[in-house]
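*Asks:* Just need the structure, nothing else, for what follows:
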Amino acid sequence: MECVFAEAEARRRQLASQFAAHVTDGFLQFIRAPDDLYPDLNFTDRRRTFNDPAHRVTWRTKQVMDFAFLFSYCQPLSEFYMVLEDDIITSHYYLTAIRDFIHMHRGHDWVGLKFTQFMIIGNLVRSATLPRLVQLMLLFREEQPVDFIMSHFLSMMVDAPGPPTRRVPSLFNHIGRRSSLANKTQKLVDRSFRPVPRRFHQRNPPADVVTNMKPHAGHLAAYAYSAAPGLFWGALLADRAECSDWTLLDEFGPSGAVDAQALERLMPFGVQCLRVEVSPNHTGLVAITEIALIEEPP
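*Replies:* Down below sits the predicted model:
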C-alpha cells in the first residue's frame, strides 16, 4: 500500500509541476480519500452478488466508495458533472458538442445526458443531483458495481419527455486495456465513436436549425450544422413545410455535395433562411453530414 501511495505522490508532483498555472488558479485539483473512508472490505464469509469471488467484490465495493467520495467532493465545484477516465480519447470539438447539447435541452427537465454508449463514462448530470446519487451508492455499495448503480439512478429519476438525451455519434471512446483489478483485461469499445470527416473546419454563424423530417436513431438536424462530429439522418414525413420567396441556389451533384458561391450576386439583400429540400419522391432515409456557411468579410 505504501508503494501505491508513493507512486501516486510522485505522479501528483509531476502533474503539479507540469500544470503549475492550472493548479494555482484551482482549475486542476488533486485529492486523496482518507483511509478511514473505507469500511471492512473482507467479503470472504459474507454474501456476494453476481457469483463474484471475494477479491472482485472487494475491488468493486472500493470503486463505489471511490466514486462516492469523488462525487461528494466535486458537487459544489460546478453546475454540471461529467464522468470521464484517464484512458479515453476524445473527438474534435467535444466541448462545443457538450455545450450545444446542453443548450439544446434548455427548458427540458432532464436527469442525465449521455455522450457515449457506456453505462458510466461520458454521463453528464447536474451537480445538484450528486448527493442523492451518493446516497444510493452508499446504500448498495456491496451489492452493485458502480456503473450499474449510476444506470439505475438515471432510470429511476426519469427524464421528462423531450429531445433525445443520448448524443450520437459518441464524443469519447475507451482505449485502456489494463484494469485496476488484477489479471483483468478491459475490452470496452464504443462502436458509435466514428467521427464523420469534415470538409470545413470552422464555426458556422448562429442559427436555428429545424426540419420537418423525422430524425433516425437520434441523429438530429443540428448535428450537421455544428463544428463537432455528427450528421443528420432522417426520413421524409407526409406533411411538408410551406414557405415562400425561395430562390434555388444549386442542386446536389453525383458526389452528394453542393457548393453554392457568389451569393451576393444572387441574393444582393442577404440570406435570412437556408433550406435543404429533398424530393417528395424519395422513399428512403437521408443523411446530411455537413452544412457549412462561410461569411464573406465585409
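*Asks:* What distance do you get for the nearest residue to Trp110 once chain neighbours are set aside to Gln186?
*Replies:* Of all residues not flanking Trp110 in the chain, Asp159 sits nearest, at 5.0 Å (C-beta to C-beta, 6 or more residues apart in numbering). No exception for glycine: its C-beta is placed from N, CA and C like everyone else's. According to C-beta to C-beta, to the nearest Å, Asp159 stands 29 Å off from Gln186.
*Asks:* More neighbours: the two, which one.
*Replies:* The neighbour count for Asp159 versus Gln186, taken as other C-beta atoms under 10 Å, is higher for Asp159 (17 against 14).
*Asks:* How many residues are close by the residue lying closest to Phe115 once chain neighbours are set aside?
*Replies:* Leaving aside its sequence neighbours, Phe115 sits nearest to Gly122 (C-beta to C-beta, 6+ apart; 4.0 Å). The tally of other residues near Gly122 (other C-beta under 10 Å) stands at 28.
*Asks:* pLDDT at the residue most central in space within the chain, what is it?
*Replies:* Most central residue of the chain, judged by C-alpha distance to the mean C-alpha position with C-alpha atoms, centre = their mean, is Phe115 at 2.1 Å. Note on Phe115: pLDDT of 96.
*Asks:* Can you name the next helix or strand after the helix or strand bottoming out on mean pLDDT in the chain?
*Replies:* Using mean pLDDT, DSSP states H and E, the weakest-scoring helix or strand in the chain turns out to be helix 263-266, at a mean of 73. Next along the chain after helix 263-266, taking DSSP states H and E as the criterion, comes strand 285-288.
*Asks:* contacts for that following strand?
*Replies:* 213, 216, 219, 221, 224, 231-236, 276, 278 (C-beta atoms under 8 Å, 6 or more residues apart in numbering).
*Asks:* Show the residue spans covered by the strands in the stretch 1-150 of the chain.
*Replies:* 80-82, 88-90, 112-114, 123-126 (DSSP state E, counting those that start in this stretch).
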